[in-house]
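Enquirer: Quick one: sequence plus predicted model below, questions after.
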Amino acid sequence: MAETGTIYLVGAGPGDPDLLTLRAARLIEGASLIVHDGLVDRSILALARADATLVSVAKQRSKHTLPQDDINALLVREAKAGRDVVRLKGGDPLVFGRGGEEAEAARACGVPVEIVPGISAANGAAAAAQIALTHRDASSIVSFVAGQCKGLKDQDWVGLAGSGRTLVIYMGVKTAPQIAEKLMEDGLAPDMPVAVIENGARPEMRVLRGLLAGLPDLVESERVVSPALIVIGEVTARSDAHLSLNALEAAS
C-alpha cells in the first residue's frame, strides 16, 4: 500500500509571481499534481514543471462550482494514493479561501496537511494601488467581509465602515448596488470615498475611485469584472495626492 501523501494548501497571492513566498514557489515548481482555483494567475501556473498534472476546480459562468465536498474528496483520494497534492489558491488559503474546511477534511481522514500562507488579495491589491488600509490620520481599524453571500442585507455591518475605519469587500462586484444601499441605510455617508481595485497586483490592474453613493454606477459604467475588491474609507482618497475632492465627485 502506498504511503499517504501530503496536502499542501498554498496561497498564490494576488497574482504576481514575484509576490509568492519562497515556500510556495518551491512547492509549485516541484509538484506533480496541482489542484487550483480560477483566480490563480496563468503566470503562476506556468512555474509548474512540464510533466505536472494541473486540475482546475474553477467556477465557470453558467456552471456550478465543483462542490466543496467533491474538492475535499479529490484531495484526500489523491493523497491516500501516495501523491503529494499542491492545492493552489488565490490570495491566502485562510482568507475567504475555504482552506480551513479543506484542512479539516484532510485531518479527519488522517492525511497530513500543511498550510502555506500567501499575501492576501486585500493586502496585495491595496499595496499595488498604494492604498494604506490603516493610517494614523485616517483609519485604525480594517475589516474584511464577503459581498456575495446569502442574506447579504440581513448581515450586521454596523460599525465596520465610517470615520477612522476601512472596509474591504471581497466578491462584491455583482452586489455593488445592494452593498451601497445597505451601508447608507446603516448610516454611512453617501460621500464616503471608495476605491474599486480590479485585477490587483497584475499588469492589467485598474484602480477606480468614487463616492459610496456612486459605487453602483462606477462598477457598471466601467464594466468592472472579477477579481475585484471594493475598499471603502477615507484612506482611499489619501492614496493619490493628485486626486481632488472634485475629481472624486466626478468619478461617482
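Expert: Perfect, I can see it now. Residues are numbered from 1 along each chain as shown.
Enquirer: got a list of contacts for stretch 31-51?
Expert: 8, 12-13, 15-17, 20, 25, 28-30, 52-60, 71, 74-75, 78, 83-91, 97, 202, 227 (CB atoms under 8 Å, 6 or more residues apart in numbering). Glycine gets a C-beta too; all of them are placed from N, C-alpha and C.
Enquirer: how about 6 Å then?
Expert: Residues from elsewhere that reach stretch 31-51 (CB atoms under 6 Å, 6 or more residues apart in numbering): 12, 15, 17, 28-29, 52-56, 58, 83, 85-90, 227.
Enquirer: which residues of the protein score low on pLDDT?
Expert: Counting by pLDDT under 70, the chain shows low-confidence ranges at 1, 60-65, 149-151, 239-252.
Enquirer: repeat that for 90
Expert: Along the chain, the parts satisfying pLDDT under 90 run over 1-2, 39, 58-66, 148-158, 186, 238-252.
Enquirer: Which segments of it make up each domain?
Expert: 7-119, 122-251 (automatic domain parsing).
Enquirer: Can I get those domains in JSON lines including mean neighbour count?
Expert: JSON lines is the format used below for the domains of the chain (neighbours: other CB atoms under 10 Å):
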{"stretch": "domain 7-119", "mean neighbour count": "18"}
{"stretch": "domain 122-251", "mean neighbour count": "18"}
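Enquirer: Okay, and the beta partners of the residue lying closest to T134 once chain neighbours are set aside?
Expert: Excluding its sequence neighbours, the residue lying closest to T134 (CB to CB, 6 or more residues apart in numbering) is V142, at 5.7 Å. Counting by DSSP bridges, V142 forms beta bridges with T166.
Enquirer: residue contacts, V142?
Expert: V142 is in contact with L133, T134, T166, counting by CB under 6 Å, 6+ apart.
Enquirer: now do 10 Å
Expert: 122-123, 126, 132-134, 160, 165-168, 231, 233, 235 (CB atoms under 10 Å, 6 or more residues apart in numbering).
Enquirer: What sits closest to V76 if chain neighbours are left out?
Expert: Distance criterion CB to CB, 6+ apart; nearest residue to V76, sequence neighbours excluded, is C109 at 4.8 Å.
Enquirer: which stretches of the stretch 1-150 of the chain form strands?
Expert: For the stretch 1-150 of the chain, the strands defined by DSSP state E, counting those that start in this stretch occupy 7-11, 33-36, 53-56, 85-89, 113-116, 139-146.
Enquirer: So the nearest residue to T175 once chain neighbours are set aside versus I28, what's the distance?
Expert: Once flanking residues are discounted, T175 sits nearest to G147: 5.1 Å by CB to CB, 6+ apart. For G147, the distance to I28 (CB to CB, to the nearest Å) stands at 29 Å.
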